[in-house]
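In: here is my input, please return the structure:
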Amino acid sequence: MEDVQIAYHHDWQREHWQSLVSAYRSSPYFEFYEPELEPIWFVKHERLIERNNALLVHLLQLLKEESKHTYSEKYEKEPDEGTLDLRNSIHPKKPWPKVAEYPNYPQVFEDRHPFITNLSVLDLLFNIGPDAAAYLRALPLED
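Out: Got it, this is the predicted structure:
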């Protein structure tokens with residue numbers, strides 16, 4: 001996993017950024033977060049894990065959350081007792097983990113589409129801004 005390299009022969013970063021701009025330019029907080037996100041979006045990391053980690057840390061900072069994650073040195077078939085093991089909580093062939101309730105928040109195209117849940121943390125930030133962290137903290141996971 002840590003060895004997956006990123007290809008830059010196609011300007012996918014610009015395309016992806018332009019898609020975000022096109023989708024969220026009219027959202028209430030896009031212009032507030034744009035100067036923070038755009039520079040980090042275009043950093044050319046060698047490996048995917050480096051890019052994902054940089055974006056995760058930056059998004060946690062925007063949410064004013066402490067970055068408390070670590071990476072294991074080796075794969076543990078059975079984690080130590082008391083360790084929260086989320087390795088199988090998201091799987092492409094299984095539904096997303098359920099959340100007790102998803103309160104609606106204003107979304108950019110709500111005049112044409114009903115509320116769409118589970119879009120992304122960027123959708124949340126661009127639409128409700130500084131209230132995003134409180135929104136996320138209020139979502140208790142179901143067992």
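
In: skipping its backbone neighbours, what lies nearest the most centrally placed residue in the chain in space?
Out: Central residue of the chain (CA atoms, centre = their mean): Val121, 4.5 Å from the mean position. Nearest non-adjacent residue to Val121, counting by CB to CB, 6 or more residues apart in numbering: Leu59, 5.7 Å away. In this view, the C-beta of every residue, glycine as well, is placed from N, C-alpha and C.

In: who are the packing partners of the strand or helix carrying that neighbour?
Out: Assigned by DSSP states H and E, Leu59 falls within helix 48-62. Here helix 48-62 touches helix 30-41, helix 121-128, going by 3 or more CB pairs under 8 Å, 6 or more residues apart in numbering; DSSP states H and E.

In: related to what we said a few turns ago, which residues does the residue nearest to Val121 contact?
Out: By CB atoms under 8 Å, 6 or more residues apart in numbering, the contact list for Leu59 reads Val121, Leu122, Leu125.

In: distance of it from Leu125?
Out: Distance, Leu59 to Leu125, by CB to CB, to the nearest Å: 8 Å.

In: about what we covered before: dump the helices and strands packed on helix 48-62 to a markdown table, plus mean pLDDT.
Out: Output for the helices and strands packed on helix 48-62, formatted as a markdown table (pLDDT from 0 to 100):
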| stretch | mean pLDDT |
| --- | --- |
| helix 30-41 | 95 |
| helix 121-128 | 96 |
